[in-house]
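Q: Below is the sequence, then the predicted model.
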Amino acid sequence: MNKVLIIDASETDGRIMSRLLIRAGYDPVKADNIETGRIEAAKLPPGAVIVTALRLSDGTARDLINWLKKENYGFPVIAIVENLNNADVVSIMRGGGAMDVIQRPAIDKQLVETVAQYAKEENETFSLGKLLIPRQSKEWQEIERKIQSIAKINANVIVFGASGTGKEQVALEIYRQSPRSQKPHIVVEAGGAGLIGKHDPKSERSETYNRIKSYFENANGGTIIVKNLHLLSFEKQSVLLHILEEEHPNVRVICTAEPYLRRMMTEQTFRPNLMYILREFEIVIPSLAK
């Protein structure tokens, strides 16, 4: 049953929309301003749709859309307009704004049909098309099959492959085909400055913990893609292991790594227990020649 978030200050229209959606098999949630709408949007599952009035007491539909983009939420937004001969229609749909509009006087006729165009099942897949390197080999066809099957499972994955083989594209495709595709995703470079952390004198935790923890908080309900896992220092491995093992965040982790990561366990430079948690499934990318 798809969730539909209704953000509208009109109690009468809110009740009408809720009744219509319930009869059509949807699960409506109501909010009467942008602030409450943001709180409810953060709780929405994949496949949900947002229906919002153009203007509310604390902002506009455009404010909400800009916030959704900033937070990496992909929920389709349908705006309620007073009529179709209004410059507001152009404004709200410009630059990747609202996906569609419905007229307030015609809510009873347009709402359910319009929502049905954008509501998706949680396991419905998306495609990145040309972002994946096209190959015709049997090995690559098997990888595409694995992407489709693994994406539907909320398990952690490591994508192994040499530099330049398209590991990151495969990781992104897993995310895009997953039930978490409308929730935030964050890409982190394991060997980059983004994991160094900033000093917080009020915190009893290490700077590295604070930084890595913040990524999980910002990606709550979504996915973190860790690029080049083999570059993760031992300290960062310990912090990541603690968060995953002790705090159990609602975040899926997809990693990319070069094949010698396996050898690092033998050399005791990568924690086997962290590998166990991160490698619930794996995909091995062949060379570009295949």
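A: Arrived safely.

Q: contacts, neighbours, all on C-alpha from now
A: Fine.

Q: Please, which helix or strand holds Ile147?
A: helix 138-151 (DSSP states H and E).

Q: Whichever helix or strand comes after that helix: partners in the sheet, and parallel or antiparallel?
A: Next in sequence after helix 138-151, counting helices and strands by DSSP H and E, comes strand 157-160. Partner strands for strand 157-160, per DSSP bridges, with pairing direction: strand 252-257 (parallel), strand 281-284 (parallel).

Q: Packing partners of the helix or strand that strand 157-160 is followed by?
A: Note on strand 157-160: by DSSP H and E, the next helix or strand toward the C-terminus is helix 167-176. The contact analysis (3 or more CA pairs under 8 Å, 6 or more residues apart in numbering; DSSP states H and E) places helix 167-176 against helix 138-151, strand 157-160, strand 223-227, strand 252-257.

Q: do that again at 7 Å, thanks
A: helix 138-151, strand 157-160, strand 252-257 (3 or more CA pairs under 7 Å, 6 or more residues apart in numbering; DSSP states H and E).

Q: after that helix comes which helix or strand?
A: Using DSSP H and E, the first helix or strand after helix 167-176 is strand 185-189.

Q: quick one: low-confidence parts of the stretch 51-200 of the chain?
A: For the stretch 51-200 of the chain, the stretches with pLDDT under 70 are 84-91, 93-96, 121-137, 193-200.

Q: roughly how far apart are Leu274 and His230?
A: 12 Å (CA to CA, to the nearest Å).

Q: scratch that, Asn156 is what I was asking about
A: Distance, Asn156 to His230, by CA to CA: 16 Å.

Q: what angle sits between the helix holding Ile147 and helix 167-176?
A: For helix 138-151 against helix 167-176, the angle by axes from the mean of the first three to the mean of the last three CA atoms, to 10 degrees is 40 degrees.

Q: How about residues contacting helix 138-151?
A: Here helix 138-151 makes contact (CA atoms under 7 Å, 6 or more residues apart in numbering) with 174-175, 177-178.

Q: Please tell me how far it is from the chain's geometric centre.
A: Per CA atoms, centre = their mean, to the nearest Å, the displacement of helix 138-151 from the mean C-alpha position of its chain is 21 Å.

Q: Put the alpha carbons of that helix into CSV.
A: Provided in CSV are the C-alpha atoms of helix 138-151 (Å, rounded to 0.1, in the frame of the first residue of the first chain):
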residue,chain,number,x,y,z
LYS,A,138,28.1,-13.7,-21.0
GLU,A,139,30.1,-12.6,-18.0
TRP,A,140,28.5,-9.1,-18.2
GLN,A,141,25.0,-10.5,-18.7
GLU,A,142,25.5,-12.5,-15.5
ILE,A,143,26.6,-9.3,-13.7
GLU,A,144,23.4,-7.5,-14.9
ARG,A,145,21.4,-10.4,-13.6
LYS,A,146,23.2,-10.2,-10.2
ILE,A,147,22.6,-6.5,-10.0
GLN,A,148,18.8,-7.0,-10.4
SER,A,149,18.6,-9.8,-7.8
ILE,A,150,20.9,-8.2,-5.2
ALA,A,151,19.4,-4.8,-5.5
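
Q: for that helix, which positions count as buried?
A: By 16 or more other CA atoms under 10 Å, the buried positions in helix 138-151 come out as 140, 143-144, 147-148, 150-151.

Q: Please identify the deepest-packed of the strands paired with strand 157-160.
A: Ranked by mean neighbour count, the strands paired with strand 157-160 are led by strand 252-257 with a mean of 25 (mean count of other CA atoms under 10 Å).

Q: what's the average pLDDT for it?
A: Taken as a whole, strand 252-257 has an average pLDDT of 96.

Q: Just the CA atoms of it, as CSV, please.
A: What follows is strand 252-257, C-alpha atoms only, in CSV (Å, rounded to 0.1, in the frame of the first residue of the first chain):
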residue,chain,number,x,y,z
ARG,A,252,22.6,-0.1,3.3
VAL,A,253,26.3,0.0,2.6
ILE,A,254,27.6,-0.7,-1.0
CYS,A,255,31.4,-0.7,-1.4
THR,A,256,33.8,-0.8,-4.3
ALA,A,257,37.2,-2.3,-4.0
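
Q: Please enumerate residues in contact with that strand?
A: Outside strand 252-257, the residues that reach it (CA under 7 Å, 6+ apart) are 154-161, 167-168, 171, 222-230.

Q: Now the element after it, going C-ward?
A: helix 261-266.

Q: name the helices or strands packed onto that following helix?
A: Short answer (3+ CA pairs under 7 Å, 6+ apart): helix 261-266 packs on no helix or strand.
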